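Colleague: predicted coordinates and the sequence they were generated for:
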Amino acid sequence: MIVNNTKKTIIAKDFSVLNGLGKLKGLMGKKRAEAVLFKTRFGIHTFFLKFPIDILVLNKKHEAILAKTIKRNRMVFWNIKFDTVIELPSGTLKRSRTEKGDIISL
């Protein structure tokens, strides 16, 4: 479960951890978004996705340093010192009232 400790809301009841080839493929080819967590220091893209997604980038203290909705066919980059990324269905951040600075638990 992914929980916003700051707002006391549930972000996602279930999520998958992606590694290796799963991390490279991500949500590409999926019919709808689902909650996934993976490590990357480069950034992400939404090319080949059929839907927008929400993303959270966390620091080592699990504080959200980036929380935003990403449209299809976009790229997003952040400081390389942050490497934990959570991709979520679009609208999840708004529903859970999650924003930059919130503390997230996994």
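Modeller: Nice, thanks for sending it over.
Colleague: helix or strand right after the lowest-mean-pLDDT helix or strand in the chain?
Modeller: None of the helices or strands of the chain scores lower by mean pLDDT, DSSP states H and E than helix 20-25, at a mean of 67. Sequence-wise, the next helix or strand downstream of helix 20-25 (DSSP states H and E) is strand 36-39.
Colleague: quick check: which helices or strands does the following helix or strand past that following strand pack against?
Modeller: Downstream of strand 36-39, the first helix or strand assigned by DSSP H and E is strand 44-45. Other helices and strands packing on strand 44-45, by 3 or more C-beta pairs under 8 Å, 6 or more residues apart in numbering; DSSP states H and E, are strand 75-76. C-beta here means a position set from N, CA and C on the backbone, and glycine is covered the same way.
Colleague: what mean pLDDT does the strand it packs on get?
Modeller: What strand 75-76 shows for mean pLDDT is 96.
Colleague: name the helices or strands packed onto it?
Modeller: Checking 3+ C-beta pairs under 8 Å, 6+ apart, strand 75-76 ends up next to strand 44-45, strand 64-70.
Colleague: pick out the shakiest of those, pLDDT-wise.
Modeller: Among the helices and strands packed on strand 75-76, strand 44-45 scores lowest, at a mean of 92.
Colleague: and the contacts of it?
Modeller: When contacts are defined by C-beta atoms under 8 Å, 6 or more residues apart in numbering, strand 44-45 is touched by residues Gly26, Ile55, Ile70, Arg74, Met75, Val76, Val85, Glu87.
Colleague: I'd like these as JSON lines, with distance to Lys94 appended.
Modeller: What follows is these, written out as JSON lines (distance: C-beta to C-beta, whole Å):
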{"residue": "Gly26", "distance to Lys94": "22"}
{"residue": "Ile55", "distance to Lys94": "13"}
{"residue": "Ile70", "distance to Lys94": "14"}
{"residue": "Arg74", "distance to Lys94": "18"}
{"residue": "Met75", "distance to Lys94": "22"}
{"residue": "Val76", "distance to Lys94": "18"}
{"residue": "Val85", "distance to Lys94": "19"}
{"residue": "Glu87", "distance to Lys94": "15"}
